[in-house]
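Chemist: let me see the structure of the following:
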Amino acid sequence: MTKQANVGAARVWALIVAGLVFIMVLVGGATRLTESGLSITQWNPISGVLPPLNAADWAAEFEGYKKIPQFAMMNADMTLEGFKSIFWWEWAHRFLARLVGVVFILPALWFWFCGQLKGAFGRRIVWATGFLALEPIVGWWMVSSGLSERTEVAQERLAIHLLIAAAVFAALIHAAVGAGEPRCEGHSRGVVATAWAFAALVFVQLGLGALVAGLRAGRIYNDWPTMGGQFMPSEVFRGGLLSLVDDAATSQFDHREIAYLVLLFAVVLAFTAAVGTSLAKRARILAVVAFVQVVLGVATLVTVVQLHAALTHQAVALVLFGLAVAHASATGRDSAAR
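Modeler: Got it, this is the predicted structure:
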């Protein structure tokens with residue numbers, strides 16, 4: 001295999017892993033929305049790859065779940081069949097996490113052996129490796145927060161868990177796009193910085209969305225464009241800075257307002273980009289996707305977090321973030337080609 005073919009293969013591999021991370025995050029979102037995340041009460045990285053295989057195994061798993069507060073306070077009337085319905089979501093999420101690890105590690109060793117993990121591409125893969133190694137540790141730290149005193153995981157840990165996954169996703173896309181063939185469009189450093197600023201804002205919005213999910217904040221103030229007939233309800237920020245992570249109304253307010261800012265930023269990018277450039281084409285796509293995402297956010301809110309609407313909202317959020325990172329990476333790559 002030629003060196004150029006190896007580079008192309010490494011880029012494709014990075015995008016495939018990013019796609020698997022995308023699916024893993026969506027299943028994680030479904031796990032949270034269906035209150036399934038605490039159904040597996042132990043962390044067994046190796047043996048946990050197999051689901052219960054017989055009645056005794058299922059009974060043991062169910063008995064473990066019965067010992068945590070969520071069962072006693074929310075699901076005391078749950079049957080074994082009901083338990084299975086939540087168990088499979090969490091098992092699928094953990095299985096996908098393991099699959100991502102295998103699909104990442106084995107080819108990474110090969111590309112390293114072939115000398116393809118060098119330069120900027122290699123550094124970005126190193127970042128992805130670090131975040132990927134951290135993710136299961138943070139995942140168990142998150143789950144453990146809901147096993148003794150709470151009926152759900154801690155929302156700030158949920159947000160950190162999601163943001164680390166998003167960082168893996170971003171690093172892989174950045175590596176793949178940044179290693180592409182540059183176009184001599186002569187973008188200034190300011191244009192590159194602005195593109196990255198937009199990606200950073202979408203990243204922050206992902207974290208705020210995780211806080212909304214963790215606090216079940218989408219189940220209150222289900223009107224739009226106001227919140228209970230007001231722009232900002234009186235309880236918003238009542239608890240000071242801690243309200244940012246502890247208060248449902250504040251969390252929803254923040255998520256709403258940053259969504260408008262993301263859309264405005266995307267529209268400005270689209271209208272200020274030089275006509276006829278690839279930069280302008282990418283910016284217009286970002287603006288359209290940002291608009292669709294706001295509409296989906298409103299739909300999720302007014303339907304009181306209907307599962308399909310909420311999952312679509314999360315999927316498009318990840319698409320927007322991936323496109324934003326790809327846009328910033330391509331802009332920086334093309335700038336370096338001047």
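
Chemist: which residues in the protein form helices?
Modeler: 3-33, 55-66, 69-74, 80-113, 119-144, 155-178, 189-214, 243-246, 248-272, 278-302, 307-336 (DSSP state H).

Chemist: could you give the number of residues near the closest residue to V49 other than its chain neighbours?
Modeler: In space, and not counting its chain neighbours, V49 is closest to R98: 5.9 Å by CB to CB, 6 or more residues apart in numbering. C-beta here means a position set from N, CA and C on the backbone, and glycine is covered the same way. Neighbours of R98 under the rule other CB atoms under 10 Å: 15.

Chemist: from L109, how far off is R98?
Modeler: 17 Å (CB to CB, to the nearest Å).

Chemist: ok so, going back, and the residue nearest to V49, what pLDDT?
Modeler: pLDDT recorded at R98 is 96.

Chemist: same thing with N6?
Modeler: 56.

Chemist: and the one 5 residues further on, by the same measure?
Modeler: Note for R11: predicted pLDDT of 93.

Chemist: can you get me a residue count around it?
Modeler: Neighbours of R11 using other CB under 10 Å come to 19.

Chemist: sorry, back to before: nearest to G228, of the helices of the chain?
Modeler: Distance to G228, taken as CB to CB, is lowest for helix 248-272 among the helices of the chain, at 8.9 Å.

Chemist: the inter-axis angle of that closest one versus helix 189-214?
Modeler: With axes from the mean of the first three to the mean of the last three CA atoms, to 10 degrees applied, the angle from helix 248-272 to helix 189-214 works out at 150 degrees.

Chemist: and helix 248-272, what does it pack against?
Modeler: helix 189-214, helix 243-246, helix 278-302 (3 or more CB pairs under 8 Å, 6 or more residues apart in numbering; DSSP states H and E).

Chemist: now those as TSV including mean pLDDT?
Modeler: Converted to TSV, these look like this (pLDDT from 0 to 100):
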stretch	mean pLDDT
helix 189-214	96
helix 243-246	92
helix 278-302	96
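
Chemist: mind putting these into JSON lines with distance to F271?
Modeler: Formatted as JSON lines, the helices and strands packed on helix 248-272 follow (distance: least, CB to CB, whole Å):
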{"stretch": "helix 189-214", "distance to F271": "13"}
{"stretch": "helix 243-246", "distance to F271": "32"}
{"stretch": "helix 278-302", "distance to F271": "8"}
